[in-house]
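**Student:** Structure, please.
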Amino acid sequence: MSTTDKKSKAAKQKESPAGRWLSYRPEIKVLDCTIRDGGLMNDHHFDDAIVKAVYTACVEAGIDYMEIGYKASRKGIKVGEHGPWKYCLEEDVRRIVGDNQTDLKLAVMADAERCDYHEDIPPKKESVIDMIRVATYINQIPTALDMVKDAHAKGYETTVNLMAASTVPDRELNEGLEMLAGSEAKGIYVVDSFGALYSEQVHHLVKKYQHYCKPSGKEVGVHMHNNLQLAYANTIEGIILGTNLLDATMAGLGRGAGNCPMELLIGFLHNPKYNLRPILECVQYAIEPLRVKLGWGFDLPYMMTGLLNQHPRAAMKYKAGEGQGDIGAFYDAVMDGQ
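**Tutor:** Numbers count the residues shown, from 1 in each chain. Okay, here's the model as predicted:
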């Protein structure tokens, strides 16, 4: 093929829809939250081999951040009730990652009012963790702001996951975002906690978050759940609208119906910095064998709680029951609760 023909072919590809998808935003950062979100399905009792497999896949795939678990309060805990990824003690994290001499950054999530952050989060210079992700409900924002300030002062990157946005009245959400926009956090996430959002609602929320975040130089992120089979589609909606912080998990592993699957997201981005193959191998050999026991993913009870914009706890209780009961009776029960 002549040089002229090659240039002509390249021009056509650039003009075609397929060619356009090959473009990408270098500002986009992908975060894997498989172990953290998936830990809600097994009380954080992941074998080290599974955590190591996800870590290795993230490194080899060029993922930007891996959220390895929670920083939760250890006061009054029952020994053995939760696995180590509920607390992410430094020795446990380093057992997996060593000194993490890689380009992958490590994150943990700290829930507002469930973390003794002053004591349990050490200065960054003493930790292999790079970022603290603060999760907060709208009424907990004052605590969340102090947590962000504390982590920032200790040298960490910080972001905020504002939970259950689908249940917050507009005025309260505006006031909350205004407060968060004045914080040290580098980004604020639209979180579809109940997997209840449709694209129109994602559009509305992302634009609202951007209105408050852009003037202070903050990024907007998306964290989507899959109750209505829309986690991937809603993540794409966020990308189209300009969100640059994207959460996903291997094979969609996460609480209840699960999350946006990492393999779909990386395939969509067409960014040469990312490598899909290690993710596929991690899904095949490390994650899919867990499905029979953990049972995450789209299912009728999770669909119902998503349709009703409810926390999935009722669906999780139903699925844990012997024989899983009667789906018609479950439908009647959750509808009666409206």
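
**Student:** now Glu288, nearest residue through space, not along the chain?
**Tutor:** Excluding the flanking residues, the one nearest Glu288 by C-beta to C-beta, 6 or more residues apart in numbering is Ala251, at 6.1 Å. Just so you know, the C-beta spots here come from the backbone N, C-alpha and C atoms, and that holds for glycine as well.

**Student:** Nearest residue to the middle of the protein?
**Tutor:** Asp247 (3.8 Å; C-alpha atoms, centre = their mean).

**Student:** and it, which of the three is it?
**Tutor:** strand (DSSP: H, G, I helix; E, B strand; the rest coil).

**Student:** Tell me if I'm right that it and Gly258 touch.
**Tutor:** No - using C-beta atoms under 8 Å, Asp247 is not in contact with Gly258; the gap is 11.8 Å.

**Student:** wait, isn't Ile287 in contact with Asp32?
**Tutor:** No - between Ile287 and Asp32 there is no contact under C-beta under 8 Å: 11.3 Å.

**Student:** of those two, who's got more company?
**Tutor:** Using other C-beta atoms under 10 Å, the more surrounded residue of Ile287 and Asp32 is Asp32, with 29 against 26.

**Student:** mind checking how far the more buried one is from Glu157?
**Tutor:** Here Asp32 is placed at a distance of 16 Å from Glu157 (C-beta to C-beta, to the nearest Å).

**Student:** now Gly238, nearest residue through space, not along the chain?
**Tutor:** Closest to Gly238 by C-beta to C-beta, 6+ apart is Val222, at 3.7 Å.

**Student:** Please report phi then psi for that neighbour.
**Tutor:** Dihedral pair for Val222: phi -130, psi 140, per degrees, to the nearest 10.

**Student:** Tell me, how many residues neighbour it?
**Tutor:** 28.

**Student:** Show the backbone phi and psi for Asp130.
**Tutor:** phi -110, psi -30.

**Student:** so who does it touch?
**Tutor:** Contact partners of Asp130, counting by C-beta atoms under 8 Å, 6 or more residues apart in numbering, are Tyr65, Lys105, Leu106, Ala107, Lys124, Tyr156, Glu157.

**Student:** Hmm, Gly242 and the residue nearest to Gly238 touching each other?
**Tutor:** No - using C-beta under 8 Å, Val222 makes no contact with Gly242, being 10.8 Å away.

**Student:** Give me the common contacts of those two.
**Tutor:** The contact sets of Val222 and Gly242 overlap at Val206 (C-beta under 8 Å, 6+ apart).

**Student:** where's Gly306 relative to Val93, distance?
**Tutor:** 33 Å.

**Student:** more neighbours, those two?
**Tutor:** The residue with more neighbours, out of Gly306 and Val93, is Gly306; 26 against 23, by other C-beta under 10 Å.

**Student:** can you confirm that one is in a strand?
**Tutor:** No - Gly306 is assigned helix when assessed by three-state DSSP, not a strand.

**Student:** Please report phi then psi for the nearest residue to it once chain neighbours are set aside.
**Tutor:** With sequence-adjacent residues excluded and distances taken as C-beta to C-beta, 6+ apart, Gly306 is closest to Asn227, at 2.7 Å. Main-chain dihedrals, Asn227, degrees, to the nearest 10: phi -60, psi -30.

**Student:** Correct me if wrong: Asn227 contacts Leu197.
**Tutor:** No - at 9.6 Å, Asn227 and Leu197 do not qualify as touching, with contact defined as C-beta under 8 Å.

**Student:** Direction included, what does the helix or strand hosting Ile68 pair against?
**Tutor:** Element membership of Ile68, judged by DSSP states H and E, is strand 65-70. Strand 65-70 pairs in its sheet with strand 29-32 (parallel), strand 105-111 (parallel), by DSSP bridges.

**Student:** now the strands for the stretch 101-250 of the chain?
**Tutor:** Taking DSSP state E, counting those that start in this stretch as the test, the strands found in the stretch 101-250 of the chain are 105-111, 131-136, 157-162, 187-192, 219-224, 245-248.

**Student:** Generate a markdown table for those, with distance to Asn271 as supplementary columns.
**Tutor:** Shown next, in a markdown table, are those (distance: least, C-beta to C-beta, whole Å):
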| stretch | distance to Asn271 |
| --- | --- |
| strand 105-111 | 17 |
| strand 131-136 | 20 |
| strand 157-162 | 21 |
| strand 187-192 | 19 |
| strand 219-224 | 17 |
| strand 245-248 | 11 |
